[in-house]
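Predicted model and sequence follow; I will ask about them next.
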Amino acid sequence: MPAISRRLFLGSSAAATGAAVASGVPLAAVASAGAAKAPAYGPAAGVAKLNANENPYGPSPGAIKEALEATKLGAYYVGASVPMLKSMIAERHGVTPEHIALSSGSSGVLTYIATAAGETGNILGPDLFWDTTARMGTRHGGEVVRLPKDDGLEIDLDAMFEAITDDVSLVQITNPNNPTGLSLDGEALRAFCKKASRKVTVLVDEAYNELTEDPEYTSMVDLVREGYDVIVARTFSKIYGMAGMRVGYAIASPATTESMILSHGLGDYAMNQAGVAAAVASYNDLGFLEMSKARIMEARDMVMKGLDGVGLSALPSSTNFMFVNLGDLDAEVFRQKMADRNVLIRGIYRDYTHWSRVSMGRLEHVQMYVDALAPVLEEMSA
């Protein structure tokens, strides 16, 4: 198919529109005829989407209201809302706005950091963690080095410290971890970060921090404030219910923010009006956060009872998902059988063939998962 230049396309479109108007066709009708059918912005009716750790109760009403207002001025790049959001985050954590870097979801800052680290060495992580951005960032340099498997699927901090060699430029820890849902003890992680950061930069991905029993205790932001070589990544995608609005951030020293994030990304230019407006509106909405956390905990209880009823178990979770032990059953086959019943979950992670992750969605969707357990297991065992 021959290439069509933008100028030719625009010229042809203008000519067609002009001809239609000249022939008496209303301009509104022309616009309507050329408009695409509205896409589905979420799962179809009757589908339980439990595969991406989203909070379907978001965004908050306040976030929606402000996002709509911001969209009316979506012709303009973001302006004052960006420094406002940075200031809000900085004030909460006792740092300066220069400690804050925003991005399109925390995936942005995590990828920039991984890219910077890959230029000078390798990224060290546990065998199982959310490694998408680490793998993306090391495509052109460095590699992801993993600890040996742990029988309990926990992160062995002592083994991780011993694995820090001269060719490691970044240690990456997800806490709570994804896909396991396990949370490291705050003091144990704090002691590790203090010790390890004297040798190398430590990145702690805290995407699910707000869902832990004591978010402040499990967070490492205090180490950034105290001057340790530690970076903390956070997101509005999880408890804030804004996964599709793409707002995340990193908290690090101004020097690290400049050298590992801003120098490898687009900075505030990558942000969008509606997403930032929603983030500003929801950041201090404690009522919405408490409601979301309560629904997630209720869903976890439902899943645990359902699993127990069919003889399965899951790791203890501090997140909005659970890592289910399927025994000797194949997690990919389990995923497919669930999908046949309109329940979407994750399949196999790496070579953890018998482990399956399920997210805590709307309670009625979680109930669909629970109801499907027995028939799916019966079918797989036949």
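Perfect, I can see it now.

okay, which residue is most central for the chain?
residue 237 (5.4 Å; C-alpha atoms, centre = their mean).

Partner strands of the helix or strand hosting residue 173 and their direction?
For residue 173, the host element (DSSP states H and E) is strand 168-174. Strand 168-174 pairs in its sheet with strand 122-125 (parallel), strand 201-205 (parallel), by DSSP bridges.

And for the longest one, what's in contact with it?
Right, strand 201-205. By C-beta atoms under 8 Å, 6 or more residues apart in numbering, the residues outside strand 201-205 that reach it are 106, 110, 113, 117, 129-130, 169-175, 189, 192-193, 196, 220, 228-233, 256, 260. Yep, even glycine has a C-beta here, placed from its N, CA and C like the rest.

again with the first one
Outside strand 122-125, the residues within contact range by C-beta under 8 Å, 6+ apart are 114, 117, 131, 134, 137-138, 142-147, 160, 163-164, 167-173, 200.

I figured residue 62 was touching residue 284, is that so?
No. Applying C-beta atoms under 8 Å as the test, residue 62 and residue 284 come out as separate, 9.7 Å apart.

Show me which of those two is the more surrounded one.
Neighbour count, other C-beta atoms under 10 Å: between residue 62 and residue 284, residue 62 has more, with 16 against 12.

So that one, which state does it fall into?
helix (DSSP: H, G, I helix; E, B strand; the rest coil).

any idea how far residue 263 is from it?
Residue 62 sits 34 Å away from residue 263, going by C-beta to C-beta, to the nearest Å.

What of residue 146?
27 Å.

so which helix or strand takes in residue 322?
Going by DSSP H and E, residue 322 is in strand 321-325.

coming back round to it: using the three-state scheme, assign the residue nearest to the centre of the chain.
Per three-state DSSP, residue 237 ends up coil.

Now for it: which residues touch it?
Applying C-beta under 8 Å, 6+ apart, the residues near residue 237 are 54, 105, 106, 207, 243, 246, 247, 248.

Counting neighbours, which of those residues comes out on top?
Counting by other C-beta under 10 Å, top hit in the contacts of residue 237: residue 247 with 29 neighbours.

My guess is that one contacts residue 276. True?
Yes. The pair residue 247 / residue 276 is scored as a contact, 6.3 Å apart, by C-beta under 8 Å.

residue boundaries of the strands in the stretch 51-200 of the chain?
Under the criterion DSSP state E, counting those that start in this stretch, the stretch 51-200 of the chain contains strands at 100-103, 122-125, 144-146, 168-174.

what residues does the longest one touch?
Here strand 168-174 makes contact (C-beta under 8 Å, 6+ apart) with 113-114, 117-118, 120-126, 129-131, 134, 142, 145, 155, 160, 164, 184, 189, 196, 200-205, 207.

Can you report how many residues neighbour residue 194?
So residue 194, with other C-beta under 10 Å, has 16 neighbours.

same question, the one 3 residues further on
Applying other C-beta under 10 Å, we find 18 residues neighbouring residue 197.

And the residue nearest to it when sequence neighbours are not counted, how far from residue 116?
Counting by C-beta to C-beta, 6 or more residues apart in numbering, residue 197 lies nearest to residue 229, which is 4.1 Å off, once chain neighbours are set aside. Distance of residue 229 to residue 116, given as C-beta to C-beta: 13 Å.

Tell me which of residue 146 and residue 263 has more neighbours.
residue 146 (17 against 12).

Just checking the distance from stretch 92-106 to the centre of its chain.
16 Å (C-alpha atoms, centre = their mean, to the nearest Å).

List the contacts of the helix or strand that contains residue 335.
The secondary structure element spanning residue 335 is helix 331-339 (assigned by DSSP H and E). Residues from elsewhere that reach helix 331-339, judged by C-beta under 8 Å, 6+ apart: 326, 344-349, 352-356, 369, 372, 376, 379-380.

and if you look at stretch 312-325?
Against stretch 312-325 from outside (C-beta under 8 Å, 6+ apart): 53, 55, 153, 176, 178-183, 208, 211-213, 218, 238-239, 296, 299-300, 303-304, 307, 326-327, 354-360, 373, 377.

mind redoing it with 6 Å?
Here stretch 312-325 makes contact (C-beta atoms under 6 Å, 6 or more residues apart in numbering) with 53, 176, 179-183, 208, 211-212, 296, 303, 307, 355-360.

just stretch 149-159 next, same as before
Here stretch 149-159 makes contact (C-beta under 6 Å, 6+ apart) with 126, 127, 147, 180, 182, 192.

pLDDT at the closest residue in space to residue 97 that isn't next to it in sequence, what is it?
Spatial nearest neighbour of residue 97, excluding adjacent residues (C-beta to C-beta, 6+ apart): residue 86 at 4.2 Å. At residue 86, the pLDDT value in this model is 98.

picking that back up, of the contacts of strand 168-174, select the buried ones using a PyMOL command.
Applying 16 or more other C-beta atoms under 10 Å to the contacts of strand 168-174, the buried members can be selected in PyMOL as follows:
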select buried, resi 113+114+117+118+121+122+123+124+125+126+129+130+131+134+142+145+155+160+164+184+189+196+200+201+202+203+204+205+207
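
Which stretches in the stretch 1-150 of the chain count as helices?
Per DSSP state H, counting those that start in this stretch, the stretch 1-150 of the chain carries helices over the ranges 6-22, 27-34, 61-71, 81-93, 105-118, 132-137.

In terms of secondary structure, what does the last one contact?
Contact here means 3 or more C-beta pairs under 6 Å, 6 or more residues apart in numbering; DSSP states H and E; on that basis helix 132-137 packs against helix 105-118.

got the CA positions of the helix it packs on in CSV?
Provided in CSV are the C-alpha atoms of helix 105-118 (Å, rounded to 0.1, in the frame of the first residue of the first chain):
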residue,chain,number,x,y,z
GLY,A,105,2.4,5.4,35.6
SER,A,106,5.4,4.3,37.8
SER,A,107,6.4,2.2,34.8
GLY,A,108,7.9,5.3,33.3
VAL,A,109,10.2,6.2,36.1
LEU,A,110,11.1,2.5,36.7
THR,A,111,12.1,2.1,33.0
TYR,A,112,14.2,5.3,33.1
ILE,A,113,16.0,4.1,36.2
ALA,A,114,16.6,0.7,34.7
THR,A,115,17.9,2.2,31.5
ALA,A,116,20.3,4.4,33.5
ALA,A,117,21.5,1.4,35.6
GLY,A,118,22.0,-0.7,32.5
